[in-house]
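Trainee: predicted model and sequence follow; I will ask about them next.
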Amino acid sequence: MMMNLFSSFDPSTNFSLSLNWLSTMIGMLIIPPMYWLIPSRFSMIWFKIMMTLHKEMKILINSPKSLGSTLIFTSLFSLILMNNFLGLFPYIFTSTSHILMTLSLALPLWMSFMLYGWINNTTLMFAHLVPQGTPSILMPFMVCIETISNIIRPLTLSVRLSANMIAGHLLMTLMGNTGTSLNFSLLNILIFSQILLLTLESAVSIIQSYVFTILSTLYSSEVN
């Protein structure tokens, strides 16, 4: 029995080491065989998904200078999706539920976009601070608002992903802990509810990885 509701999100183990972070690398041991074995249905489906994402991101970026950046974003989608799904399995640490993991993905991306934009497209970056059609008297306020909204982008990206992962896992944990005190009829209802919630969490895992990747793509398109 868990001593603390949040103990499932604790990266430390019985050896006082943060070995639970190794779950981040588990999926990478599974992926390589699809590249050298005979193509299976799974690899063909995954290839179609990646090609669909590649085409969508290519339209969003819409710049010949950044054609290869879609590979970065599709790889980012694969990494987040893999970790989100691994967290749904029992006794596997959910690394994307920690702000340390999500911020380490969002902050370098945002920083690289900002450095590239301000060094190569300085005039365009200044133009983004004042939306078109803004009255002259409101321009100083709009510059402050746009600057703040731009600075907090990596924080909003990381908090959105980690908060959604934590919320679903906590709800499943709370519902699971009540199973020992229920009778047979209520237990059946609880199991059915848990299955529905697990299905919902699977959809959330896909949606959140997609949202993180698409928002990162949109942020990169603003600096080109």
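Mentor: Yep, that arrived.

Trainee: right, and Arg153 touches Tyr219 too?
Mentor: Yes. Between Arg153 and Tyr219 there is a contact under CB atoms under 8 Å: 6.4 Å. All C-beta spots, glycine's among them, are computed from the backbone N, C-alpha and C.

Trainee: neighbours of the nearest residue to Leu60 once chain neighbours are set aside, how many?
Mentor: Of all residues not flanking Leu60 in the chain, Thr217 sits nearest, at 5.0 Å (CB to CB, 6 or more residues apart in numbering). Neighbour count for Thr217, taken as other CB atoms under 10 Å: 25.

Trainee: tell me which element Thr217 falls in.
Mentor: In the assignment (DSSP states H and E), Thr217 maps to helix 184-221.

Trainee: now for that helix, which elements pack on it?
Mentor: helix 41-61, helix 69-86, helix 99-120, helix 153-177 (3 or more CB pairs under 8 Å, 6 or more residues apart in numbering; DSSP states H and E).

Trainee: which one of those lies closest to Ser205?
Mentor: Among the helices and strands packed on helix 184-221, the nearest to Ser205 by CB to CB is helix 69-86 (3.5 Å).

Trainee: name the residues that touch the closest one?
Mentor: Defining contact as CB atoms under 8 Å, 6 or more residues apart in numbering, one finds that helix 69-86 is touched by 23-24, 26-28, 31, 50, 53-54, 57-58, 61, 92, 94-96, 101, 105, 109, 161, 165, 202, 204-206, 208-210, 212-213, 216-217, 220.

Trainee: can you say which of those are buried?
Mentor: Buried members of these, counted by 16 or more other CB atoms under 10 Å: 23-24, 50, 53, 57, 61, 94-96, 101, 105, 109, 161, 165, 204-205, 208-209, 212-213, 216-217, 220.

Trainee: what mean pLDDT does stretch 130-140 get?
Mentor: Stretch 130-140 carries an average pLDDT of 78.
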